[in-house]
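>>> Structure for this input, please:
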Amino acid sequence: MKRIITTVLTITTLLLVISSTSVLAGPPVPYLDDAYPGLNYLFSGDPNTTESTDGVLDCAQDALRAGTGGDGGKLHNDFLNCDNWDFQPTDWGQASFLQGAFILGESPFSDDGGWECSGNAGPGGYNPCVNSTIRAVTTYKNQPAPGPGQNDGAKMDESRDWVLSFDFKIEIPAGDTSGNDKLFEVNGATAGASHGNDTMVVLGTGGPTTTGNYTLHHAVCTGVDQCQDASTVIDKPLTEGKMTLHYDAAEGNYNLWHDSDLLVADFDSYSDRYDASFLQIAGGGIDFANTLYDNIIWGVVNDSAACGPEGPGASVPGDFNCDGTVDVADLGIIGANFNGSSVTYVDGDANLDGGVDVADLGVVGANWSAAQSGSLSSALQSAGLNALVPEPTTVALVGLGALCLGRRRRRSA
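Sure thing, here's the model as predicted:
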């Protein structure tokens, strides 16, 4: 009975994996190219630092911070005496506004911390991070922002695919009904324009929430300058993970991802423009959530990227040895690293989620190169995966992989 239940659950998992093109393909990865603007906002330092002046901690939430307009070369609200923490972009981009009693917190996404506003305890409790906010603009590498205003960045190229991604973790204290008002907003402010002009896309709550659900605010366009405001409710809580906004130059619209899940596809910008230059993370209203953001990267899609640890490049997803085909050799790589962690794409991590599991096997099944579907079953056995994937599941993988591959070919036809 236990084997039957395990088999049914594994087949169900494969059905979900293989039938979902968002899991198979995954979001594009931003690439910082010297020839294009971008933003590289990683946050770094030692979250456990004990820097102090005369016995007073310089990196605590209540430590001295720069005032409005900045002090001592520090941006508004940055720490005045905490030199071990870096809250500025590196090489690409420029911070324009920081708000809230933020610190460098322990991040689940990197070893050197993330931008964190913690300590909120719900109504009547300790609330140091009301309306915590990050604003930054895109620039060319090691160049200042071109405009006179704090939101005037170097505009992204509408003729080239670009990608914004960031890691986040949101915690809503018990009893708090405000939640996180805004997860992010992308703008293309014109020279001298104020924040909010030329808004392109906003992902926020739109009102009080206790569930972590968000609404995507965008537009539906039927022609040039013929756009109407639109809202799409995200049908899953967004409390932790990686958000990716992809501008598809060929289609002239956006795609929004959470981790490897395509949330909303083919939606339009508020302004029917995509030369974005200004990002706001969080903020937007009274907000008592505990927030952490990390690894904010905004760049172009590297169409010439080579297959390697970072991904398949121009090759087929699932081609882990980068020889141009998905075959038994790639299954062998999955078999050698199955259930492993601290892996890269070439170790069998097809969806780049940090592990090798049944989801990655589904990618291989969907892109299998062999002419006869039965050969996949034999290859699974040769790779030592038959012990991990029961035989009825192997049949499901073969059949659904062929079905999905046919679907993908028809879409590209």
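>>> Name the residues linked to the nearest residue to S118 once chain neighbours are set aside by a beta bridge.
Spatially, and ignoring its direct neighbours in sequence, S118 is nearest to N290 (4.7 Å; CB to CB, 6 or more residues apart in numbering). Where C-beta positions appear, they are placed from N, C-alpha and C, glycine not excepted. Applying DSSP bridges to N290 gives these bridge partners: E171.
>>> pLDDT at N290, what is it?
Looking at N290, its pLDDT is 90.
>>> since we're on it, how many residues are nearby?
21 (other CB atoms under 10 Å).
>>> and the gap between it and D111?
For N290, the distance to D111 equals 21 Å [CB to CB, to the nearest Å].
>>> residues contacting the residue nearest to S118?
Counting by CB atoms under 8 Å, 6 or more residues apart in numbering, N290 touches 116-120, 129, 170-173.
>>> any idea how far F109 is from T138?
Taking CB to CB, one finds F109 at 21 Å from T138.
>>> Check A276 too.
8 Å.
>>> hey, what's in contact with both of the two?
155-156.
>>> follow-up on the earlier one: most neighbours out of the contacts of N290, which is it?
Busiest of the contacts of N290 [other CB under 10 Å] is C117, holding 26 neighbours.
>>> mind pulling up the phi and psi values for that residue?
With angles defined as degrees, to the nearest 10, C117 sits at phi -120, psi 100.
>>> returning to what we had before: give me the more crowded residue out of F109 and T138.
The residue with more neighbours, out of F109 and T138, is T138; 26 against 18, by other CB under 10 Å.
>>> Hmm, N151 and the more buried one touching each other?
No. Applying CB atoms under 8 Å, one finds T138 not in contact with N151, separated by 10.9 Å.
>>> Mutual contacts of these two, please.
Contact criterion CB under 8 Å, 6+ apart; residues shared by T138 and N151: 277-278.
>>> Tell me how far N187 lies from R65.
Distance of N187 to R65, computed by CB to CB: 26 Å.
>>> For I5, give me the pLDDT.
We have a pLDDT of 41 for I5.
>>> er, N142 I mean
Here, the pLDDT recorded for N142 equals 96.
>>> show me where the stretch 251-400 of the chain has strands.
Ranges of strands within the stretch 251-400 of the chain are 253-258, 261-267, 278-282, 290-301, based on DSSP state E, counting those that start in this stretch.
>>> From the ones you listed, pick the one with the highest average neighbour count.
strand 278-282 (a mean of 25; mean count of other CB atoms under 10 Å).
>>> How many residues are close by the residue nearest to G299 when sequence neighbours are not counted?
Leaving aside its sequence neighbours, G299 sits nearest to P30 (CB to CB, 6+ apart; 3.7 Å). Neighbours of P30 under the rule other CB under 10 Å: 25.
>>> Any chance of a markdown table for the contacts of N290, columns pLDDT and distance to G283?
Below are those laid out as a markdown table (pLDDT from 0 to 100; distance: CB to CB, whole Å):
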| residue | pLDDT | distance to G283 |
| --- | --- | --- |
| E116 | 95 | 15 |
| C117 | 93 | 10 |
| S118 | 91 | 16 |
| G119 | 90 | 17 |
| N120 | 89 | 14 |
| C129 | 87 | 11 |
| I170 | 90 | 13 |
| E171 | 88 | 17 |
| I172 | 84 | 16 |
| P173 | 84 | 18 |
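>>> V56: which of those is nearest?
G119 (18.2 Å; CB to CB).
>>> Which residues are in contact with the closest one?
61, 101, 126-129, 290.
>>> Among those, name the ones in helices.
The members of the contacts of G119 all map outside helices under DSSP state H.
>>> Between those residues, which sits nearest V264?
Of the contacts of G119, the one sitting nearest to V264 (CB to CB) turns out to be N290, at 26.2 Å.
>>> Point out where the stretch 151-300 of the chain drops to low pLDDT.
177-180, 189-197, 206-212, 224 (pLDDT under 70).
>>> mind running it again at 90?
Scanning the stretch 151-300 of the chain for pLDDT under 90 picks out 151-152, 171-182, 188-199, 204-214, 219, 221-231, 235-239, 260-261, 270-273, 283-289.
>>> Can you give me the distance of the residue in the chain sticking out farthest from the centre to L64?
In the chain, counting by CA atoms, centre = their mean, D54 sits farthest out from the average C-alpha position, at 40.9 Å. Separation of D54 from L64 (CB to CB): 12 Å.
>>> For the host helix or strand of G241, which helices and strands make contact with it?
Here G241 sits within strand 240-248, counting by DSSP states H and E. Applying 3 or more CB pairs under 8 Å, 6 or more residues apart in numbering; DSSP states H and E, one finds that strand 240-248 contacts strand 162-171, strand 182-187, strand 253-258.
>>> orientation of the first one relative to strand 182-187 in degrees?
Spelled out, that is strand 162-171. Computed by axes from the mean of the first three to the mean of the last three CA atoms, to 10 degrees, the angle separating strand 162-171 from strand 182-187 equals 160 degrees.
>>> pretty sure E171 contacts F288?
No. Applying CB under 8 Å, one finds E171 not in contact with F288, separated by 10.5 Å.
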